[in-house]
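Student: sequence unavailable; structure follows:
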C-alpha cells in the first residue's frame, strides 16, 4: 500500500442537476465518474488523458478533498480522501490551468509567501524556495510585480511555483498548459520534469487533453472518457496495441456524398475518421493489413474523389483514443457538447 | 423587418438586464428584495422625524422629506443601472469586450441595461408612496394631483438621470473595480445638494449654488408640487418660480446634461480603448 | 530541494495563517487608495445628509454627534457585509477558496485573518470619518470612562466580526445570490441598529431583537460614554450592554466554528466549493 501515492477503488461521482424555475420538479443526474480504479506509484508522473468533460477534473477534485465521491474510495499517500482530509492536505498541492488565484494587488513574491504560510513553511525557508524557483522558472525579474500585471503565461508560471514551494508529496496539475503559447508550454513541461526528478518521493498527477503532452511527459497514462477509464498503461504500451494495425492518412477532394460508412465496410478496414474543410477532406484509416488500401483507393476513385496525398504513420495516443472510443477526441468533444 | 442598431441594442440589453436582475431567485423573493431596501431607507427618516417632532406627521416638512426621499430612489436606480453594467460585464461576466466587437451601439446598450432597475425602482416608489399615504398621513389625493405635470416631469427626469448615468459609465470604463461604486457615490452626494430630504436653505450658504445647478433639485420640486401642491409653498427656496418656469429650467438642464453625457462617454470610451482597458479585470 | 522540511503545525500554523491572510487586507489599503473616496467620502455624505435633516427639524445638538458616531461605525458594517460575509463567494470565483480548503490550515484561521486585517484597515477609515465629521459639524466629546469605552468597542468588534465569520460559512453555499443577500442586509441594519438615532425610541422588544447585531449595543454604549446627554438616551445600562456583548462574542465565535466545519462538509458532498455559477 505504501508504495502507491494514489489509489482509487471503484470511485464514482454523480452530480444532481437541478432544473431552472420552470423545470424545478425535474431532477437530472449526471454521471461524472463511474467505477474508476487506478493505482499510481510513488515517483510516477501519471497522466489523465481525455476530452473536455471526460471527468478528469472531477477526479482531481475528489483526490484533493474538494469533492466527496458518491461511491468507492480514493487514497492519497495512504489516507482516505473522504474520511481523513486533514491527513491528506499537508501532503498535497494543486495547480489548475487558467486559474486566477491570489490577490492582484500583491506582488508575485508576496502572493507566494502568503500561500506558503497556509502550509506552515517558515518564512525564511519560504522566501528561499520562492527565490530559487522563481529563478529556475525565469520569473526573478517579475518577483516584485503585482500579479494583476502579469500575462497569462507568467501568471501560470507563478501558480506552478505556488504548487512547488510547499514541497508536496503529491502534486496535482489540472491542464497546466491550458491557454499557454508553445514556448511557455515547453518551459512548463521542462520545469515539471525537473521538479519530479529532484526527489524520488515526489509524485505528480497531470490532466491534459493534449495528446502530445501526455505522450511526452507521462510515465503512464489513463485514457478516460465519459467518466470511465478505458485503458491505463505506459504511452509506449498503449501505442504498441495498435502496432499490428496499419495507419494511413489520405488527403482528398470532397467526398461527393460518399458516406464514410461505405469505406468502413470495406474488407480489412478497421476504423475510419473523416474531417472535411475548405473543399478538402482528410481521412484517417486504421487497416488490419496494408493490402486493404487498394480497396479503399478503388472505392474513392470510382466515386470521383481525387487523392491528393497519402501518408503512412506511426500510431500516436490520438490513434489509441480513436481505437478505444471509435471517434477522435475532437469529435467526441463535439458530440458531448451537442 | 430589420431593427435599427439603436433599437436592437436597447431591447436586447433590456432583456438581458432583466434576466440578470431577476432570475437569481423566484419572483416572490425578488419582489420582497426589491422593496425591503427602499422601505428600510425611508423608515430611517421616518423614525428620525418621529423622534424629534414627537410624531407630528402633519407638518409640511414631513411630506416634503418623505416624497423627496421616495423619488430620489430613481436617482440611484437609473444612474447606477446605466453605469453598473460596465463593471459587471467587464469584471464579472467578462463579456464587455464581446459587446464592444458586436455591431451594437454601446450607449444604447447601457441605457437598455438600466431599464430593469428603473422598473424595480418604480415598484418600490409606488409601494413606498402608498405606505406613506396609508400609514403616515402623506397628504396625497389622487383626484387632486396634477398628473399633467407629474408624468412629463417624471419622463424628462428619467432621461436626465440616464444621461448622468452615461457620464459615470464613461468614467467607470477607465477605473478599477471597487467595493463601492461610483454610481452610488454620486447619487449619495447629490442627495445632499438636491433638496431631497431637507430644503436647500438648511445648507450653508456657500453650498447652496451647487444645489441650484443640479437638475435633480428642480425635478424633485416639480414632482412634489404635482402630487402635493400645498407643501411646496411652505419652503422658500424655489417659491419664486412658477411650475412652467421650473419645467423650463429642468428641460434646459436635461438638454445640457444630455450633451455632456454623450460627449463625456465618447471621450472616456476613446481613452479606454486607447489604454486597452475594455477587456481588463482588476482582480482585487 | 529537501523533502518535507520542518513545517509549522498546530497553533503556530494557525497564527501564521492568520497573519498571511490579514496581510493582503492591510497592504491592499496602502496600494489602492480609492477607498478614500468610497469608504470615507460616501459615509461622510450620508452623515452630512442626516445631520442636515436634524438641523431642518431643529433637533437638539447631541443628535448631530449621534449621527457622526453612527456614520463612522457604518464603515465596520460595510466591511463585515462585503468583505467578510460575502468574501468566500468572491474567493470561490477567483479559485482561492479551493486552495484554502486543500491547504492543511484551518479555515477558521483564514476567516480570522480576513477579520483582523479588515478590522485594522477599517478602523483607520472609521477614524477618518469620525475626525472629519466632528470637525465639519462641530461635535465635541466628553468621555465618561476610557476603560469602558475601550472594552465596549473591542467587544463590539469581536462579536461583530465573529458574526461575520459565522455568516461567511453560510455564504459558502451561495453563489450569485450572495451579492444580493449582502446588498439586502445593508439598509435594514442601519435602521434596526440605530446608526442615526438612539434605539431607545424603539419599543423594548424591537430594540432587544435588534441587539442581536453587535453594533446595536456597541453604538448605544459608546454614545452613552462619549456624550454628556448620552446616558439619558441610552437603551440599557452600559455594564449590562458590556455583559451582553461578551455573551454575543462567545456565541458567534463558537457558532462560526461549528457552522464552518458543517458547511465545509456539506459543500464537499454537494460539489459546491469549486463551482462558478455566474
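Tutor: Noted; the coordinates are in hand. A quick note: this is a predicted structure, and the numbers were derived from the prediction, not measured.
Student: buried residues, the helix or strand harbouring residue B:29. List them.
Tutor: Remark: residue B:29 resides in helix B:27-53, with elements defined by DSSP states H and E. When burial is assessed from 16 or more other C-beta atoms under 10 Å in any protein chain shown, helix B:27-53 yields the following buried residues: B:33-35, B:37-53. Yep, even glycine has a C-beta here, placed from its N, CA and C like the rest.
Student: go on, stretch B:52-65?
Tutor: By 16+ other C-beta under 10 Å, the buried positions in stretch B:52-65 come out as B:52, B:53, B:57, B:61, B:62, B:63, B:64, B:65.
Student: any idea which helix or strand in chain C has the lowest mean pLDDT?
Tutor: With mean pLDDT, DSSP states H and E as the measure, the helix or strand of chain C carrying the lowest mean pLDDT is helix C:35 (a mean of 67).
Student: the next helix or strand after it - what's its average pLDDT?
Tutor: Following the chain from helix C:35 toward its C-terminal end, the next helix or strand by DSSP H and E is helix C:42-56. In this model, helix C:42-56 has an average pLDDT of 90.
Student: name the residues that touch helix C:42-56?
Tutor: When contacts are defined by C-beta atoms under 8 Å, 6 or more residues apart in numbering or on different chains, helix C:42-56 is touched by residues B:45, B:48-49, B:52, B:61, B:65, B:180, B:184-185, B:188-189, B:191-192, B:197-199, B:202-203, C:63-64, C:67-68, C:70-72, C:74-75, C:78, C:129, C:132-133, C:136-137, C:196.
Student: among these, which ones are in strands?
Tutor: Counting by DSSP state E, the contacts of helix C:42-56 place none of their members in strands.
Student: buried only: go through those for me.
Tutor: Buried positions within these, assessed by neighbour count (16+ other C-beta under 10 Å), are B:45, B:48-49, B:52, B:61, B:65, B:180, B:184-185, B:188-189, B:191-192, B:197-199, B:202-203, C:63-64, C:67-68, C:70-72, C:74-75, C:78, C:129, C:132-133, C:137, C:196.
Student: tell me, which of these make contact with chain A?
Tutor: Among these, proximity to chain A is found for none (C-beta under 8 Å from any C-beta of the partner chain).
Student: narrow those residues to those in helices?
Tutor: B:45, B:48-49, B:52, B:61, B:65, B:184-185, B:188-189, B:191-192, C:63-64, C:67-68, C:70-72, C:74-75, C:78, C:129, C:132-133, C:137 (DSSP state H).
Student: as TSV, the buried residues of stretch B:52-65 with distance to residue B:117 and pLDDT would be great.
Tutor: Formatted as TSV, those follow (distance: C-beta to C-beta, whole Å; pLDDT from 0 to 100):
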residue	distance to residue B:117	pLDDT
B:52	33	93
B:53	33	92
B:57	30	88
B:61	29	89
B:62	28	92
B:63	26	91
B:64	25	91
B:65	24	92
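Student: and which of these is nearest chain C?
Tutor: Distances from the buried residues of stretch B:52-65 to chain C were compared by C-beta to the nearest C-beta; the smallest belongs to residue B:52, at 4.4 Å.
Student: tell me how many other residues surround residue A:243.
Tutor: In terms of burial, residue A:243 registers 10 neighbours under the definition other C-beta atoms under 10 Å in any protein chain shown.
Student: so the residue nearest to it when sequence neighbours are not counted is in which element?
Tutor: Computed as C-beta to C-beta, 6 or more residues apart in numbering or on different chains, the closest residue to residue A:243 that is not its neighbour in sequence is residue A:315, at 6.7 Å. Assigned by DSSP H and E, residue A:315 falls within no helix or strand.
Student: tell me the residue of chain A that sits nearest chain B?
Tutor: Of all residues in chain A, the one sitting closest to chain B is residue A:104 (3.7 Å; C-beta to the nearest C-beta).
Student: am I right that that residue is in contact with residue A:150?
Tutor: No: using C-beta atoms under 8 Å as the test, residue A:104 is too far from residue A:150 to be in contact (9.3 Å).
Student: quick one: which of the two has more around it?
Tutor: A side-by-side neighbour count of residue A:104 and residue A:150, using other C-beta under 10 Å, places residue A:104 first with 23 against 18.
Student: doesn't that one lie inside a helix?
Tutor: No: Residue A:104 sits outside any helix when classified using DSSP: H, G, I helix; E, B strand; the rest coil, being coil.
Student: please tell me how far it sits from chain C.
Tutor: When C-beta to the nearest C-beta, to the nearest Å is the yardstick, residue A:104 and chain C sit 9 Å from each other.
Student: with residue A:203 instead?
Tutor: As for residue A:203, its distance to chain C is 12 Å (criterion: C-beta to the nearest C-beta).
Student: thinking again about what came up before, the helix holding residue B:29: how far from the chain's middle?
Tutor: The gap between the average C-alpha position of helix B:27-53 and the chain average comes to 17 Å, counting by C-alpha atoms, centre = their mean, to the nearest Å.
Student: the stretch 1-150 of chain A: helices as residue ranges?
Tutor: Per DSSP state H, counting those that start in this stretch, the stretch 1-150 of chain A carries helices over the ranges A:56-63, A:85-88, A:108-117, A:123-137.
Student: quick one: neighbours of the residue lying closest to residue A:156 once chain neighbours are set aside, just the number.
Tutor: With C-beta to C-beta, 6+ apart as the criterion, residue A:156 has its nearest non-adjacent residue at 6.0 Å, and that residue is residue A:180. Other residues within reach of residue A:180, judged by other C-beta under 10 Å, total 21.
Student: mind listing what residue A:180 touches?
Tutor: Contacts for residue A:180 were tallied using C-beta under 8 Å, 6+ apart; they are A:97, A:152, A:153, A:156, A:188.
Student: that's a helix at it, yeah?
Tutor: No: assessed by three-state DSSP, residue A:180 does not belong to a helix; its assignment is coil.
Student: any idea how far residue C:31 lies from residue B:154?
Tutor: In this structure, residue C:31 and residue B:154 are 44 Å apart, going by C-beta to C-beta, to the nearest Å.
Student: I misspoke; the intended subject was residue B:115.
Tutor: Remark: distance between residue B:115 and residue B:154 (C-beta to C-beta) = 15 Å.
Student: who has more neighbours, those two?
Tutor: The neighbour count for residue B:115 versus residue B:154, taken as other C-beta under 10 Å, is higher for residue B:115 (21 against 18).
Student: now the strand or helix carrying that one against helix B:27-53, angle please.
Tutor: Here residue B:115, judged by DSSP H and E, is contained in helix B:106-135. Relative orientation of helix B:106-135 and helix B:27-53, computed by axes from the mean of the first three to the mean of the last three C-alpha atoms, to 10 degrees: 60 degrees.
Student: how about the residues of the stretch 151-300 of chain A near chain C?
Tutor: With C-beta under 8 Å from any C-beta as the criterion, the stretch 151-300 of chain A meets chain C at residues A:162, A:166, A:167, A:169, A:198, A:199, A:201, A:202.
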